[in-house]
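Asks: Following is a predicted model, sequence given first.
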Amino acid sequence: MVSTDEFKALSIAVLTLSDTRTLENDTSGDALVELLGEAGHALAARELCPDDKYRMRAIVSQWIADPEIDVVLTTGGTGFTGRDSTPEALVPLFDQAIDTFGELFRQLSYQEIGTSTVQSRATAGLANQTLVFCMPGSTGACRTAWSGILKEQLDSRHRPCNFVAMTRKGSGVHPG
């Protein structure tokens, strides 16, 4: 349900975590940038980082500390291979976990890819009034997370509740 309240555009940073992707072939990052723009949000930053938990933690820590960034979307590193370390890197940064994001993502993903979704460790949390959503690296998974969860939950008009209320923009505490 959408209310008639005014839309609050969020500043969103996108981080692709991969040892193999470049800006030229980062279809997941491209999809997230396209989708957030179509929804009326602003791209605050975009980076690619190898699957190195200390480097990704450093980037996300900077974004969490930046009062101009409301949301961080990560793609990649949520599987079970030896290099997948996004949850281990980022969950320690969370003030609060949003466990239901991963649960709902896997439920939606099951409808598309069946039992392979059990290998997804998609997760989310809130850190310093910044929302952090960690999605798998496939473009399809990013589209599923966006269309099935994030599009509505990052819309300040969505009722009965939305994630915007957890950010500085939603709480009335603005940067500066």
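Replies: It's in.
Asks: Please tell me I have it right and F101 contacts A124.
Replies: Yes. Counting by Cβ atoms under 8 Å, F101 touches A124, with 3.7 Å between them. For every residue, glycine as well, the C-beta is placed using N, CA and C.
Asks: Overlap in contacts, those two.
Replies: Here F101 and A124 have F133 as joint contacts, going by Cβ atoms under 8 Å, 6 or more residues apart in numbering.
Asks: which residues touch the worst-scoring helix or strand of the chain on mean pLDDT?
Replies: Ranked by mean pLDDT, DSSP states H and E, the helix or strand of the chain with the weakest confidence is helix 168-171, at a mean of 83. By Cβ under 8 Å, 6+ apart, the surrounding residues in contact with helix 168-171 are 8, 10, 67, 70, 129, 156, 162-165, 174-175.
Asks: How about stretch 102-118?
Replies: 120-124, 135, 140-141, 144-145, 148-149.
Asks: L32: neighbour count?
Replies: For L32, the neighbour count with other Cβ atoms under 10 Å is 28.
Asks: I should have written G82 there, sorry.
Replies: G82 is flanked by 6 other residues according to other Cβ under 10 Å.
Asks: returning to that earlier point: of the contacts of helix 168-171, just the buried ones, PyMOL syntax please.
Replies: Command for PyMOL, covering only those of the contacts of helix 168-171 found buried under the criterion 16 or more other Cβ atoms under 10 Å:
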select buried, resi 8+10+70+129+156+162+163+164
